[in-house]
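Visitor: Sharing a model prediction with you, sequence too.
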Amino acid sequence: MGFFGTHFKEKLDLILITWIAILFASINISIHFFERIYFFIYHNFSLELARYISNFVFLYLAGLLLITFRRWRIAEKKKKELENIIQSISPDVLIVVDRQRNIVKCNKMIEQMFSYTADEVLHKKVDMLYLDNEAYSEHLEAIYRIVGEKGFHIETATGKKKNGDTLYVEIITGSLGRYGGAVMLFRDITERKKYEEKLQALSITDELTGLYNRRGFMALMEQQIKLSERTKRGILLIYVDVNNLKFINDTFGHIEGDNALRDVAAILSNSLRKAEIIARIGGDEFAVAAVETPEENADILIDRIYNNFTIHNSNTEKKYSLSVTTGTAYFNPESPLPIEELLDIADRNMYARKKELS
């Protein structure tokens, strides 16, 4: 049972066989037709010219069949490559829906995550996979608007398995553009969600900013590292240092310094996905763990952070500007390092960058 479903493959095979049979019949009829022309030409013109015309028509039709067969083989190969790519997206579930939110394609991981086979969900509403089945029009319109503006939308929801069990899922919805419909990536975050709920009982939150504190960050990072080692997906660590906080405290007072830290926390939160772990780990130091993020995407994330600080400074009426310096480290599950060592690497890279800019 592949990505395209057994019924689709059976119909495709039947259509292909029928089309080839029609083409062969057409060639046969054409040959008989041109045989008559051949005899007519033979009696009225030269035998050599008649043979030339007959052979030319036969070769043309045979060439047409060969080209068509070759294009079909190329299409089949591309379809197989696409299927292999889709199936390699593990352990995530990939679903393609039409404009009416009916499932038209899905990969095999749906069976592992939701206990449904592909044939059981094809041509049914994707809402069957939600417990909080809130397909209310306002929510859907908001999703479609964001997808139209940004090209994608990310949210979390409570999923529903075939047997009624629940799980937490992160859903990334992307537009299919002019083809209509959408592609949806379902990621099981149940383990992380349960761990986050367990941590709520602990003192893991920074009271000033509302972000995780160092203790919460370290605990969540331990969990993410275990998950990273299983999924073989790395973690990008960004160390963030607030520039000139001492100047703000000394000049405008500690209350304004606290407001500055709150603003920094808000800017970081608005610059990153909800799935990222953001913490205040020291007086003017913050840390970000971008989960399942390739190392080469570091510059993209950092540029976004810097740009949002620039936007904040241009819109504020305060007498000081906020800025940060960043340094990065990368957790590679193939050659793992302890969290403290990763923080130390990111911290040293941050100070090296600060020295370059001074």
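Guide: Noted; the coordinates are in hand.

Visitor: Please work out how many residues are found near Ala289.
Guide: 24 (other Cβ atoms under 10 Å). Any C-beta I mention is one placed from the backbone N, CA and C, and that applies to glycine too.

Visitor: which residues sit in contact with Tyr212?
Guide: Listed by Cβ atoms under 8 Å, 6 or more residues apart in numbering, the contact set of Tyr212 reads Ile204, Thr205, Asp206, Leu220, Ile277, Ile278, Ala279, Arg280.

Visitor: how much space between it and Arg304?
Guide: Separation of Tyr212 from Arg304 (Cβ to Cβ, to the nearest Å): 20 Å.

Visitor: Just the buried positions in stretch 329-339, please.
Guide: Ala329, Tyr330, Phe331, Pro333, Leu337, Ile339 (16 or more other Cβ atoms under 10 Å).

Visitor: what about the first one, which SS state?
Guide: The one in question is Ala329. strand (DSSP: H, G, I helix; E, B strand; the rest coil).

Visitor: Beta-bridge partners for it, please?
Guide: Beta-bridge pairing for Ala329 (DSSP bridges): Leu237.

Visitor: Isn't it up against Ala346?
Guide: Yes: here Ala329 reaches Ala346: they are 4.0 Å apart, a contact under Cβ atoms under 8 Å.

Visitor: With Leu236 as the reference, measure out to the nearest residue to Tyr351 once chain neighbours are set aside.
Guide: In space, and not counting its chain neighbours, Tyr351 is closest to Gly327: 7.1 Å by Cβ to Cβ, 6 or more residues apart in numbering. In this view, Gly327 and Leu236 are 12 Å apart by Cβ to Cβ.

Visitor: circling back to that earlier point, which neighbours do Ala329 and Ala346 share?
Guide: With Cβ under 8 Å, 6+ apart, Ala329 and Ala346 have common neighbours Leu237, Tyr239.

Visitor: before we move on, back to that, and the contacts of Tyr212, which of them are in helices?
Guide: If you go by DSSP state H, these have Leu220 in helices.

Visitor: By pLDDT, give me the weakest of the contacts of Tyr212.
Guide: Among the contacts of Tyr212, Ile204 has the lowest pLDDT, at 85.

Visitor: ok, it touching Met218?
Guide: No: between Ile204 and Met218 there is no contact under Cβ under 8 Å: 9.3 Å.

Visitor: that older thread, mind putting the buried residues of stretch 329-339 into CSV with distance to Thr310?
Guide: Compiled in CSV, the buried residues of stretch 329-339 are given as follows (distance: Cβ to Cβ, whole Å):
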residue, distance to Thr310
Ala329, 25
Tyr330, 26
Phe331, 29
Pro333, 35
Leu337, 33
Ile339, 31
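
Visitor: which one of those sits closest to Val240?
Guide: Ala329 (12.6 Å; Cβ to Cβ).

Visitor: quick one, strands of this protein?
Guide: 93-97, 103-106, 152-160, 166-175, 182-188, 235-242, 277-280, 285-291, 324-331 (DSSP state E).

Visitor: which secondary structure elements does the fourth one contact?
Guide: Strand 166-175 is packed against helix 137-150, strand 152-160, strand 182-188, helix 190-199, with contacts defined by 3 or more Cβ pairs under 8 Å, 6 or more residues apart in numbering; DSSP states H and E.

Visitor: at 10 Å what do you get?
Guide: strand 93-97, helix 109-114, helix 137-150, strand 152-160, strand 182-188, helix 190-199 (3 or more Cβ pairs under 10 Å, 6 or more residues apart in numbering; DSSP states H and E).

Visitor: Would you mind listing where the stretch 51-200 of the chain has pLDDT under the threshold?
Guide: 51-69, 71-73, 75-91, 132-138, 178-179 (pLDDT under 70).

Visitor: Asn349: how many residues sit nearby?
Guide: 18.

Visitor: I meant Ile204, not that one.
Guide: 19.

Visitor: wait, what's in contact with it?
Guide: Glu196, Leu211, Tyr212, Asn213, Arg214, Arg215, Gly216, Phe217, Met218, Ala219, Leu220, Ala279 (Cβ atoms under 10 Å, 6 or more residues apart in numbering).

Visitor: Widest-spaced pair of the residues you listed?
Guide: Taking Cβ to Cβ, no two of the contacts of Ile204 sit farther apart than Glu196 and Arg214, at 16.5 Å.

Visitor: can you pull the contacts of Ser358?
Guide: Thr325.

Visitor: cool, Ile154 as well?
Guide: Ile154 neighbours (Cβ under 10 Å, 6+ apart): Ile146, Glu170, Ile171, Ile172, Thr173, Gly174, Leu185, Arg187, Arg273, Lys274, Ala275.

Visitor: now, among those residues, which is nearest to Ile74?
Guide: Gly174 (26.2 Å).

Visitor: Does Lys198 touch Gly216 like I think?
Guide: No: using Cβ atoms under 10 Å, Lys198 is not in contact with Gly216; the gap is 11.4 Å.
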